[in-house]
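In: Predicted model and sequence follow; I will ask about them next.
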Amino acid sequence: MAATPQNPATPRRKVSRHRGEGQWAAGHFTPLNGNEQFKKDDDGLNVRTRIETIYSKRGFDSIDPNDLRGRMRWWGLYTQRKPGIDGGKTAILEPEELDDKYFMLRVRIDGGRLTTRQLRVIGEISQEFARGTADITDRQNVQYHWIRVEDVPEIWERLEAVGLSTTEACGDTPRVIIGSPVAGIAADEIIDGTPAMEEISRRIIGNPAFSNLPRKFKSAISGSPLLDVAHEINDIAFVGVRHPEHGPGFDLWVGGGLSTNPKIGQRLGAWVPLDEVADVYEGVISIFRDYGYRRLRTRARLKFLLADWGTEKFRQVLEDEYLKRKLVDGPAPDQPVARWRDHVGVHQQNDGRYYVGFAPRVGRVDGTTLTKIADLAEAHGSGRVRTTVEQKMIVLDVTEEQVDSLVAGLEALDLTVNPSPFRRGTMACTGIEYCKLAIVETKARGSLLIDELERRIPEFDEPITININGCPNACARIQVADIGLKGQLMLNDQGEQVEGYQVHLGGALGLEAGFGRKVRGLKVTADELPDYVERVLTRFQEEREDGERFAAWVTRASEEALS
């Protein structure tokens, strides 16, 4: 068939190359946004040399903007919020207007595993360089504030001397691997994932082959039947199960995550033995690197790829292109029997000794307290402590004779081993005090809420989770809390703009995992928060059926009862 001649009078339609979703595996390597450009220009891991040789010597004003608000995250550094900027300006000011000349620095603590020597060094750094700050996060890390760039090299030297680091604690990287804080010691443990965690760290963390991901990559490994690592909301999770033929191993989950588009992770239906966990982890993170969506930051998490592919295709690509073998089909994990998964209290270990879990207030501690905890742990245990994904801590290896003395020492530091449900179940993100994304205050408000609820309804004894977030990004997991509070600005009865929260009710992990219910128009000002929570919990007490959980009551309660 002859070609039709082109009419010279007809304008030629411009043909542009389709960029797709920015997937490397599809040949879309051209940077598609500013983040992809600075990552292409220089690997984030390389900024350490500039921090040590230039920025720490010349000061904050010498830092290149792409390092300051980009690559420095690869070493756990975020600029913190300039004091005095209210939440109404969070979204309208330029980054340089929000930046203070100080940093948040995140210490990476894989599996929450610490020695008392390491904990003491963390406490000493807090006192010397961070104005005493040291918050325990819900991913088992410790975060400092008020860090000067001039002090960062010495901080690194001290941390690394005891086997700690800040490598890839932030950024588009494989973040901290959260793990069961009682791995290897719990009497009811299905399997100890520690060897797999150590092998993943050895292969992946700080490896340039995995230091440029589309977005952050969150991981979890636990062999505890309590399902104690929030596996449902991680990009990848390995959950302890017993295969009827092959014995203990892990059930593989992928694609979980919260923020403004929350997704519960999905099972791939695969059973993974302990010695293959690192291989499977490497395969999944490679899929994310190669097939992940880089065009838009808002679609760059693994959960979006999984939603488009489905679990069957994801598993097939993992097996055929990366593992080069089939995975074994396996069972789902059992539902946990216990309602609390934070390991607070006194519990017997598999060796007859005890571990003792205790509850700081909304994860807020300080350097002096951390050094005192190290002293107590050394005096009463073997020198091992753990952080948890609920902003709690645990002292391991305590003999029966020493339990009471340790408990008394912790209580003297206001670190209670027998907390109220409110002290035990309330979490809060960093909030407007330091975070540039935040709109409202969180930590102090959470602490005040605990006090008010303990005073007003002291008889309340049901497990309850109250998660407070300063913005929509859900660092404090608001969508999966019994009561989730998302910070926002609102008008009070006098028409004044004040801090407040959108309320999510009835979210859960573990037991019937799902997202909380949003009642139409349900918002509460910060000042009214204690009244509201007291009111809704009192109604729950009055209306609940025998043994009914708060989340189950929420699903059937009227909007009036929840308001």
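Out: Nice, I can see it.

In: so residue 24 makes contact with residue 288?
Out: No. If you go by Cβ atoms under 8 Å, residue 24 and residue 288 don't touch, sitting 10.5 Å apart. For every residue, glycine as well, the C-beta is placed using N, CA and C.

In: So between these two, which is more surrounded?
Out: Applying other Cβ atoms under 10 Å to residue 24 and residue 288 shows that residue 288 carries more neighbours, namely 25 against 14.

In: Once you drop chain neighbours, what's closest to that one?
Out: Using Cβ to Cβ, 6 or more residues apart in numbering and skipping residues adjacent in sequence, the residue nearest residue 288 is residue 302, 4.9 Å away.

In: That neighbour: what's it in contact with?
Out: 217, 235, 236, 254, 255, 257, 288, 292 (Cβ atoms under 8 Å, 6 or more residues apart in numbering).

In: Format those residues as a markdown table; extra columns: pLDDT, distance to residue 502 and secondary structure.
Out: Shown next, in a markdown table, are the contacts of residue 302 (pLDDT from 0 to 100; distance: Cβ to Cβ, whole Å; DSSP: H, G, I helix; E, B strand; the rest coil):
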| residue | pLDDT | distance to residue 502 | secondary structure |
| --- | --- | --- | --- |
| 217 | 98 | 28 | strand |
| 235 | 98 | 26 | coil |
| 236 | 98 | 30 | strand |
| 254 | 98 | 29 | strand |
| 255 | 98 | 25 | coil |
| 257 | 95 | 19 | strand |
| 288 | 98 | 31 | helix |
| 292 | 97 | 30 | coil |
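
In: With respect to residue 507, which of these is nearest?
Out: residue 257 (14.3 Å; Cβ to Cβ).

In: residue contacts, the residue nearest to the closest one when sequence neighbours are not counted?
Out: Nearest residue to residue 257, sequence neighbours excluded (Cβ to Cβ, 6+ apart): residue 303, at 4.6 Å. By Cβ under 8 Å, 6+ apart, the contact list for residue 303 reads 235, 255, 256, 257, 261, 263, 265.

In: make it 7 Å
Out: 255, 256, 257, 263 (Cβ atoms under 7 Å, 6 or more residues apart in numbering).

In: Hmm, residue 256 and the last one touching each other?
Out: Yes. Contact status for residue 263 versus residue 256: in contact at 6.1 Å, counting by Cβ atoms under 7 Å.

In: Show me which of these two is the more surrounded one.
Out: The neighbour comparison of residue 263 against residue 256 (other Cβ under 10 Å) goes to residue 256, with 26 against 19.

In: roughly how far apart are that one and residue 325?
Out: 25 Å (Cβ to Cβ, to the nearest Å).

In: Dead centre of the protein: give me the residue that sits there.
Out: In the chain, the residue lying closest to the centroid (Cα atoms, centre = their mean) is residue 139, at 4.1 Å.

In: Surely that one and residue 177 touch.
Out: No. At 9.5 Å, residue 139 does not count as touching residue 177 under the criterion of Cβ under 7 Å.

In: Which element, helix or strand, includes the residue nearest to residue 257?
Out: Element membership of residue 303 [criterion: DSSP states H and E] is helix 302-309.

In: that older thread, out of the contacts of residue 302, who's nearest residue 187?
Out: residue 236 (27.3 Å).

In: That closest one reaches residue 254, doesn't it?
Out: Yes. The criterion here is Cβ under 7 Å, and residue 236 meets it with residue 254 at 5.4 Å.

In: Neighbour count for those two, which is higher?
Out: For residue 236 and residue 254, the more surrounded residue by other Cβ under 10 Å is residue 236, and the numbers stand at 28 against 25.

In: Could you pull up the contacting residues of the more buried one?
Out: So residue 236 contacts 219, 254, 281, 284 (Cβ under 7 Å, 6+ apart).

In: and which of the residues you listed is nearest residue 427?
Out: Nearest member of those to residue 427, counting by Cβ to Cβ, is residue 219, at 20.0 Å.

In: Let me see the confidence value for the closest one.
Out: The model reports residue 219 with a pLDDT of 98.

In: again with residue 95
Out: For residue 95, pLDDT reads 87.

In: List the contacts of it.
Out: residue 69.

In: how about a cut-off of 10 Å?
Out: With contact set as Cβ atoms under 10 Å, 6 or more residues apart in numbering, residue 95 has these partners: 65, 68, 69, 79, 436.

In: So the first one versus residue 172, what's the distance?
Out: It stands for residue 65. Taken as Cβ to Cβ, the span from residue 65 to residue 172 is 17 Å.

In: sorry, back to before: tell me the average confidence for the helix holding residue 303?
Out: pLDDT averaged over helix 302-309 gives 98.

In: Quick check: what element follows that helix along the chain?
Out: Using DSSP H and E, the next helix or strand after helix 302-309 towards the C-terminus is helix 311-317.

In: what's the spacing between the helix or strand that that following helix is followed by and its chain's center?
Out: Using DSSP H and E, the helix or strand that follows helix 311-317 towards the C-terminus is strand 328-329. Relative to the centre of its chain, strand 328-329 is centred 29 Å away, using Cα atoms, centre = their mean, to the nearest Å.

In: which residues are contacting strand 328-329?
Out: Contact with strand 328-329 is made by 243, 245, 246, 249, 268, 269, 270, 271, 272, 273, 276, as judged by Cβ under 10 Å, 6+ apart.

In: List the neighbouring strands of it plus their orientation.
Out: strand 266-272 (antiparallel) (DSSP bridges).

In: that older thread, touching both of residue 236 and residue 254, which residues are there?
Out: 265, 268, 280, 284, 287, 288, 302.
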